[in-house]
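Test case, fold it:
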Amino acid sequence: MGYLNNINSDRALLRYCADSLSIRLFLGYDLDEELPWHSTISRTRQLFGEEVFLSLFQKVLSLCVQKGMVRGKRQCVDSAYIKANASMDSLLEKEVVEDVKAYVNELEENSEFKVTTERKKLVEQHHNWKKEAYKKMPGNNKSE
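Below you'll find the predicted structure:
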């Protein structure tokens, strides 16, 4: 939904999905059920990494192509944010399958849970310190 509606923020995507009955039906959420928090989506994407997210995205997209929901070649989306008598100049043409990587990059850039190299290094240092500090504590008999 985010890709087809030019939504590159998890918060905006959840606001859009919360207001759409058809998306709620597709996802299996009733009207009175809350959708997951935006951080759940961001953190899950970070947890599994870009490769898993890309392959999952491409798999879902290919299933949509197989079911005839999209052609899988080119998709045109009117990216105007207001209802308008749109001209052909406002249409964006995207190569659907190849454009997925660019969309994932936009999501990563807009994520508030972006993991930088510096952050990874700090987390690794903390884990190494903790492992060393608790090595001789009772109950810590983990084999390496």
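
Distance from the helix or strand hosting Glu124 to the middle of the chain?
Of the helices and strands defined by DSSP states H and E, Glu124 is found in helix 117-133. Distance of helix 117-133 from its chain centroid, counting by C-alpha atoms, centre = their mean, to the nearest Å, is 27 Å.

quick check: mean pLDDT across it?
Average pLDDT, helix 117-133: 78.

With stretch 62-70 instead?
80.

switch to numbering from 823
Okay, residue one is now 823; in that scheme the one you just asked about reads as stretch 884-892.

Kindly check the end-to-end length of that stretch for me.
Distance between the boundary residues of stretch 884-892 (C-alpha to C-alpha, to the nearest Å) amounts to 9 Å.

what distance separates stretch 869-882 from the centre of its chain?
9 Å.

Buried by neighbour count: which residues of that stretch qualify?
Residues 875, 879 are the ones in stretch 869-882 that count as buried (16 or more other C-beta atoms under 10 Å). For every residue, glycine as well, the C-beta is placed using N, CA and C.

what does stretch 832-844 give?
By neighbour count on 16+ other C-beta under 10 Å, the buried set for stretch 832-844 is 832, 835-836, 839.

And for stretch 881-896?
Using 16+ other C-beta under 10 Å as the test for burial, stretch 881-896 gives Leu883.

Understood, closing this out.
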